[in-house]
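Student: sequence first, then the predicted structure, then my questions.
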Amino acid sequence: MLEVKNLSKSFEETGTLFENVNLNLSPGEIIFLKGKSGSGKSQFLKAIVLLTAVEKGQIYFKNEKICEENLPKMRSLIHFVAQNFSAQGMTVEEFLNEPLKFKIYKDIKIDFKGLFKDFHLKDSFLKKRISLLSGGEKQMVHLIRSLSLNPEILLLDEPISAMDPETKELALKVILKYLKEGGAVIWVTHDPPLLEGRVLKFPEFI
């Protein structure tokens, strides 16, 4: 499904971050990437969808190389979910609906309340500004937005680190459902949650 070949990244100031990283991800699979802070795990996720430049390597999704020419399509199928994000004063509802203005999502109609009724997406919450949410609420809203757009792969960067236990349990429940339906996940974490999957130490697994 996803194949990463010989991916390498460095910075002029600090030198090589990771080198010749190879990884294969299958439908329904979850891979947890563990490693020291600063080892390049988040940069690796970003590199998969060309959110950061690399010096060497190729990424293939279903045998098609990810490149600038097909990037809008690839980014609609492979979602990077950041640990933190800026929504520039948006409300929750505006943030959830923002992707629908892009042509690639023009035919998608989403019932957020129906899809995520357990998270209590009440009108009062939808009208709330992102800047007023807790860290865990922001993470859940970002996860909800990505899942609602039906990607085939989720690239998760510490997606539940700020959530309270109840919200974490709900997040794990929806991610498990996503995996059972054939989605695939690469998850950067210091502490893998209680989901069955491969745990790889980054970047030593190359």
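Tutor: Structure's in. What do you need?
Student: hey, let's count contacts and neighbours off CA atoms from now on
Tutor: Will do.
Student: in this structure, where is pLDDT below threshold?
Tutor: 111-121, 205-206 (pLDDT under 70).
Student: which residue is the nearest non-sequential neighbour of Val49?
Tutor: Nearest residue to Val49 in three dimensions, chain neighbours excluded: Arg75, at 6.3 Å (C-alpha to C-alpha, 6 or more residues apart in numbering).
Student: can you tell me the element the one you found falls in?
Tutor: Using DSSP states H and E, Arg75 falls within helix 71-77.
Student: all helices of this protein, in order?
Tutor: 41-48, 71-77, 92-97, 112-115, 123-126, 135-148, 165-180 (DSSP state H).
Student: got the buried residues for the second one?
Tutor: If I follow you right, that is helix 71-77. Neighbour counts using 16 or more other C-alpha atoms under 10 Å place 74-77 of helix 71-77 among the buried residues.
Student: how far away from the center of its chain is the helix holding Arg75?
Tutor: The chain centre lies 13 Å from the centre of helix 71-77; the measure is C-alpha atoms, centre = their mean, to the nearest Å.
Student: quick one, strands of the chain?
Tutor: 2-11, 15-25, 30-34, 56-61, 64-65, 78-81, 153-157, 184-188, 198-201 (DSSP state E).
Student: the ones you listed into TSV, with extra columns for mean neighbour count and distance to Lys41?
Tutor: Below are these laid out as TSV (neighbours: other C-alpha atoms under 10 Å; distance: least, C-alpha to C-alpha, whole Å):
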stretch	mean neighbour count	distance to Lys41
strand 2-11	18	11
strand 15-25	16	9
strand 30-34	22	7
strand 56-61	18	16
strand 64-65	15	21
strand 78-81	22	13
strand 153-157	25	8
strand 184-188	24	6
strand 198-201	14	10
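Student: so which of those is nearest Asp164?
Tutor: Among the strands of the chain, strand 153-157 comes nearest to Asp164, with 17.1 Å by C-alpha to C-alpha.
Student: sheet partners, orientation included, of the closest one?
Tutor: Paired neighbours of strand 153-157 in the sheet (DSSP bridges): strand 78-81 (parallel), strand 184-188 (parallel).
Student: re the thing from before, the strands of the chain: which one's closest to Arg129?
Tutor: strand 78-81 (19.3 Å).
Student: pull the residues that contact the closest one.
Tutor: 45-46, 49, 142-143, 146, 151-157, 159 (C-alpha atoms under 8 Å, 6 or more residues apart in numbering).
Student: I'd like to know how far Pro165 sits from Pro193.
Tutor: Distance check for Pro165 against Pro193: by C-alpha to C-alpha, to the nearest Å, it reads 12 Å.
Student: quick check: which of the helices of the chain is buried the most?
Tutor: helix 41-48 (a mean of 22; mean count of other C-alpha atoms under 10 Å).
Student: can you list the helices and strands that that one packs against?
Tutor: If contacts are counted by 3 or more C-alpha pairs under 8 Å, 6 or more residues apart in numbering; DSSP states H and E, helix 41-48 sits against strand 153-157, strand 184-188.
Student: and that helix, how far out from the chain middle?
Tutor: That offset, for helix 41-48, works out to 10 Å (C-alpha atoms, centre = their mean).
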